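Chemist: got a predicted model here, sequence first, then my questions.
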Amino acid sequence: MSRSLTLVLLLLLFPPSSPRAAALWRRGNRVSSINACQQTEEADGGLTVRCSGLRLTQIPAGLSNHTTRLFLNNNRISSLPAFCFSDLFLLDELDLSHNQLSSLEPGCFSGLAPSLRYLDLSSNRLTTLDPAVLGGLQVQANLSQNPWHCNCSMQISVPQLDVEKSSLEKVVCFSSDLPNLGAVGLPLVSLMQDWDLCRSVRRTTDFLTLTTMFLWFIMLIFYLIYYIRHNEVFARRHLEYLRFLESRDPFRPR
């Protein structure tokens, strides 16, 4: 029985609004996407899988554990869930360029550290590097053409990565917490040689804190002055009222 006929029968058995039917339909689409990929067996027995330009929104299911090279470039993948490549323990090259990746969950590259040597994450929407994501990957990584946000967090994360140093030179600042430093357009590693982003941020934060405290102190002084003057006026009026009552007292001896 063909896969499409099977899916039709499943939809007849389960209403389209059924969660189980929806899950089966998504699974059917994921499995069918691997059939559209081009698979080539290499001389060493490895498998090259090309799923380029298929408008995929997630990693296709059913990838062979003999896959050594996987091309998922030019798709619409926006995130990588944990353990999505855990069965590909022979994977040597992974191309995820020209997608819509904006987040990488910790553990998404779990199991690839022993084999993976080249990782292409260029031309995506990544803004930060998390050591929990790339930690342990000793790879040559293409990290160019991403809107990296250079800040204290990035400065702390970069030294913890095991990727080749030449890969980090492609982390070019698209934005920064300190735009006045002229960081935009500079590689993060070059920026870190001249500036301590964390110290600069702390100085900026300390200055703002002191300014805020000073303004609150000034407001408190003005409030105390107003409170004292208001009470003086109130006390004076009360005293004058008492004198007025005393002057009108018919029983007061004259």
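Modeler: Looks like it came in fine. Not measured: the values here are computed from a predicted model.

Chemist: quick one: the helices in the stretch 101-250 of the chain?
Modeler: For the stretch 101-250 of the chain, the helices defined by DSSP state H, counting those that start in this stretch cover 131-134, 152-157, 165-168, 188-194, 197-247.

Chemist: any idea how the protein splits into domains?
Modeler: 3-195, 196-254 (automatic domain parsing).

Chemist: quickly, which of those bottoms out on average pLDDT?
Modeler: When those are compared on average pLDDT, domain 196-254 comes out lowest at a mean of 66.

Chemist: re the thing from before, can you redo the domains of the chain as TSV with mean neighbour count?
Modeler: Glycine gets a C-beta too; all of them are placed from N, C-alpha and C. Shown next, in TSV, are those (neighbours: other C-beta atoms under 10 Å):
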stretch	mean neighbour count
domain 3-195	16
domain 196-254	10
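
Chemist: dump the residue contacts of the residue nearest to the spatial centre of the chain.
Modeler: In the chain, the C-alpha nearest the mean C-alpha coordinate belongs to residue 103, at 5.5 Å (C-alpha atoms, centre = their mean). Residues in contact with residue 103, defined by C-beta atoms under 8 Å, 6 or more residues apart in numbering, are 78, 79, 80.

Chemist: quickly note the distance from it to residue 189.
Modeler: When C-beta to C-beta, to the nearest Å is applied, the distance between residue 103 and residue 189 equals 23 Å.

Chemist: please apply the same query to residue 86.
Modeler: When C-beta to C-beta is applied, the distance between residue 86 and residue 189 equals 31 Å.

Chemist: surely residue 79 touches residue 96?
Modeler: No: counting by C-beta atoms under 8 Å, no contact exists between residue 79 and residue 96, whose distance comes to 11.1 Å.

Chemist: surely residue 176 is in contact with residue 147?
Modeler: No: assessed by C-beta under 8 Å, residue 176 is found out of contact with residue 147, at 11.4 Å.

Chemist: quick one: contacts for residue 192?
Modeler: Neighbouring residues of residue 192 by C-beta under 8 Å, 6+ apart: 155, 158.

Chemist: oh, that last question was meant for residue 51, not what I typed.
Modeler: 33, 34, 36, 37, 38, 60, 70, 71, 72, 75.

Chemist: touching, the fourth one and residue 53? I think so.
Modeler: No: taking contact to mean C-beta under 8 Å, the distance of 10.7 Å between residue 37 and residue 53 leaves them out of contact.

Chemist: strands of the chain, residue ranges please.
Modeler: Across the chain, reading from the start of the chain, the strands by DSSP state E fall at 38-41, 47-50, 67-71, 79-80, 93-95, 103-104, 118-120, 140-142, 148-150, 173-176.

Chemist: give me the sheet partners of the last one and which way each runs.
Modeler: Each strand that strand 173-176 pairs with, and the sense of that pairing, follows from DSSP bridges: strand 148-150 (parallel).

Chemist: which residue is the nearest non-sequential neighbour of residue 124?
Modeler: Spatial nearest neighbour of residue 124, chain neighbours left out: residue 101 (3.9 Å); criterion: C-beta to C-beta, 6 or more residues apart in numbering.
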